[in-house]
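J.: following is a predicted model, sequence given first.
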Amino acid sequence: ARRTYDRSAADICVELTWQATEALELTVAASYFDNESYNNPFMALPLWTGLFPDATADFASAEDDVLFKFNMAWRFSDEDMLYATISEGYRRGGSNAVPLTGVFAEDPRWQLYTSDSVINYEIGFKGDRGDFRYDIGVFYVDWVDPQFNTSSTNWGFFAVQNASEASSMGLEASIDGFIGNDWHYSLGYAYINAELGANFHAPDRPAPAAPIALEGTMLPGTPEHQLNWSVDYTTQLESWTSFTRLDGYYQSETTNAVTT
């Protein structure tokens, strides 16, 4: 398999920050993009041309849009800050190198996948109390037309396709600080609930056919729980500095793909 790409992109970004008061800061940002791409996937297996004839196709796409971001930072004390962010994200679409001719030809609807986009909402607190710092925040991500890898074509080829919706929500918290002058510690925890918001159907097998994955299926590569910690000790030995560190990491189970 071989792919040939020809892409062009234009981006313009603008960000403005307003110091509304001594304690309140507001930021607004906008980013304009204009993407054009040409894709020429080609597949060949010369030793078995009877079963696998050469397959090629041409695809072109063009997309443009404006993405926005808003951030608020309020220092309600000398040591503490409340922050909130709303931001948009985008990822371009593309094509898959699946055969459209020959014995193992796939439905043409497997060839393309569209762009996906997110809106992220986050609010949290952070602060510095001298001997320790903390950060805690909650977030919600609304994901439209999410792209997922799947091997659910009729002949089991790997291909990217769009589900209709998904979401991710959770909490992240961390603290790090010092005990005396020599001991330093850090602790972080994250809880994430990331799942499909609707049944995920193959492009050539829409409802009421059986879906690739059901609503509520955990998204791949996203553990529900993550925990990390560390402790280190630094001391001076005449002209030498000794540094000793112990750390650990834990995460709950994850899935590799969105499947039933």
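T.: Alright, I've got the coordinates.

J.: what's the first helix or strand after the lowest-mean-pLDDT helix or strand in the chain?
T.: In the chain, the helix or strand scored least confidently by mean pLDDT, DSSP states H and E is strand 55-56, which has a mean of 58. Using DSSP states H and E, the next helix or strand after strand 55-56 towards the C-terminus is strand 59-74.

J.: where does pLDDT dip in the protein?
T.: Within the chain, the segments meeting pLDDT under 70 span 1-10, 39-59, 260.

J.: by contact count, what packs against the longest strand seen in it?
T.: Ranked by residue count, the top strand of the chain under DSSP state E comes out as strand 24-43. Under the contact criterion of 3 or more Cβ pairs under 8 Å, 6 or more residues apart in numbering; DSSP states H and E, strand 24-43 touches strand 2-19, strand 55-56, strand 59-74, strand 94-95. In short, each C-beta sits where N, CA and C put it, glycine included.

J.: sheet partners, orientation included, of the helix or strand following the last one?
T.: In this case it means strand 94-95. Per DSSP H and E, the first helix or strand lying C-terminal to strand 94-95 is strand 112-113. Strand 112-113 sits in its sheet next to strand 94-95 (antiparallel), going by DSSP bridges.

J.: sheet partners, orientation included, of the longest strand of the chain?
T.: Sheet pairing of strand 24-43 (DSSP bridges) gives strand 2-19 (antiparallel), strand 55-56 (antiparallel), strand 59-74 (antiparallel).

J.: residue ranges for the strands of the stretch 151-260 of the chain, please.
T.: Secondary structure of the stretch 151-260 of the chain (DSSP state E, counting those that start in this stretch): strands at 159-162, 165-179, 183-196, 225-237, 240-251.

J.: could you say what helices and strands the third one packs with?
T.: Translated: strand 183-196. Judged by 3+ Cβ pairs under 8 Å, 6+ apart, strand 183-196 is in contact with strand 165-179, strand 225-237.

J.: quick revisit: how far out from the middle of the chain is the longest strand of the chain?
T.: Strand 24-43 sits 15 Å away from the centroid of its parent chain (Cα atoms, centre = their mean, to the nearest Å).

J.: and for stretch 74-87?
T.: Its chain's C-alpha centre and that of stretch 74-87 lie 25 Å apart, by Cα atoms, centre = their mean.

J.: check stretch 153-163 too.
T.: Taking the mean of its C-alpha atoms, stretch 153-163 sits 20 Å from the chain's own mean (Cα atoms, centre = their mean).

J.: quick check: buried residues in it?
T.: The neighbour-count check on stretch 153-163 (16 or more other Cβ atoms under 10 Å) flags Thr153, Phe157, Ala159, Gln161, Asn162, Ala163 as buried.

J.: list the contacts of the nearest residue to the last one once chain neighbours are set aside.
T.: For Ala163, the nearest residue in space outside its immediate sequence neighbours is Phe200; the separation is 4.1 Å by Cβ to Cβ, 6 or more residues apart in numbering. For Phe200, the contact set (Cβ atoms under 8 Å, 6 or more residues apart in numbering) comprises Phe148, Ala163, Ser164, Pro211, Ile212, Ala213, Leu214, Thr217, Val258.

J.: buried among these? Make that a ChimeraX selection.
T.: To isolate the buried members of the contacts of Phe200 in ChimeraX, using 16+ other Cβ under 10 Å:
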select :148,163,211,212,213,217,258
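
J.: for the contacts of Phe200, give me CSV that also has distance to Met81.
T.: As requested, the contacts of Phe200 are exported to CSV (distance: Cβ to Cβ, whole Å):
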residue, distance to Met81
Phe148, 37
Ala163, 37
Ser164, 37
Pro211, 44
Ile212, 43
Ala213, 40
Leu214, 41
Thr217, 37
Val258, 37
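
J.: returning to what we had before: out of the strands of the stretch 151-260 of the chain, deepest packed?
T.: Of all the strands of the stretch 151-260 of the chain, strand 159-162 has the most neighbours on average by mean count of other Cβ atoms under 10 Å, namely a mean of 20.

J.: next one: Thr85 from Val28, what distance?
T.: To Val28, Thr85 is 11 Å away according to Cβ to Cβ, to the nearest Å.
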